[in-house]
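S.K.: Would you be able to build a 3D model of this:
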Amino acid sequence: MSRAELTPFSYVILVLVGSKGAGAHDLVRMARQGKIYAAAAESQYYAEPKRLEQLGYLRSRKEPGQTRERTHYTLTPKALEALRVWADDPVRFPRALHEGVVRLLAADLVGEGPVRAGILALREELDELDGLMTRADEVAGTLPHREKYLRLNHRLARRLIDAHREWVADVERELDG
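M.R.: You can find the predicted model right below:
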C-alpha cells in the first residue's frame with residue numbers, strides 16, 4: 001500500500017463508510033449534517049469512493065434505491081490496515097484558511113465598516129451550525145457504535161462555534177460601525 005495514494009480526504013471517506021458501509025448519497029448527507037467539519041465539494045463525495053475502489057480500499061455492490069439503483073461501498077482489509085496505520089500518526093493542529101481572519105487584516109485597506117459588516121454576518125451561519133449540532137446530537141443517539149466519538153466531536157464543534165461568537169463580538173466592539 002502506498003500512503004501517497006491516500007489523501008486526507010481519502011481517510012474522511014474511509015471513516016464515513018465505516019463498519020456498516022455507505023453509498024455516495026449517504027456520504028453527501030453526512031457532509032451536509034456535519035457541515036462544520038466538511039470542506040470538500042459534494043462532487044468529491046461521489047468521485048473519491050470510486051477512486052478508492054479502483055485502488056482496492058473499497059468494494060461496491062448495487063442496492064435498490066428510492067428512484068434507481070445505488071452503489072453501496074464497504075471497506076476492504078486494505079482499507080482497515082490503512083486506517084490502523086493512519087490512526088497512530090500524530091495529529092497536528094488543523095490548518096485552515098479562515099476568510100474572516102484574512103478580511104480583518106484587510107480593514108486597513110478597505111475600511112473597518114465593510115469588514116465589520118461582513119464578519120457580523122457570520123452570526124447567521126453560527127446559528128445554523130448550532131441547529132445542525134443539535135440535530136447531530138439526536139442522530140448520535142441512533143448510532144451506538146459511534147455515539148461516544150460523535151459526542152466528543154460535537155463538544156469540540158460547539159466550542160468552535162462559541163469561540164467564533166466571541167470573536168464576532170470582539171470585532172463588533174472594536175471596529176467602527
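S.K.: how about the nearest residue to residue 141, chain neighbours excluded?
M.R.: residue 147 (6.4 Å; C-beta to C-beta, 6 or more residues apart in numbering). Any C-beta I mention is one placed from the backbone N, CA and C, and that applies to glycine too.
S.K.: list the helices and strands the helix or strand bottoming out on mean pLDDT in the chain packs on?
M.R.: Every helix and strand of the chain was ranked by mean pLDDT, DSSP states H and E. The lowest is helix 24-33, at a mean of 91. If you count contacts as 3 or more C-beta pairs under 8 Å, 6 or more residues apart in numbering; DSSP states H and E, helix 24-33 packs onto helix 8-17, helix 42-54, strand 70-75, helix 122-140.
S.K.: what pLDDT, on average, does the first one get?
M.R.: The one in question is helix 8-17. Here helix 8-17 scores 96 as its mean pLDDT.
S.K.: Run through the residues that contact residue 26.
M.R.: Shown in contact with residue 26 (C-beta atoms under 8 Å, 6 or more residues apart in numbering): residue 16.
S.K.: 7 Å - rerun?
M.R.: Not one residue lies near residue 26 by C-beta atoms under 7 Å, 6 or more residues apart in numbering.
S.K.: ok, now residue 118?
M.R.: residue 103.
S.K.: How many residues are close by residue 133?
M.R.: Residue 133 sits with 21 neighbouring residues when counted by other C-beta atoms under 10 Å.
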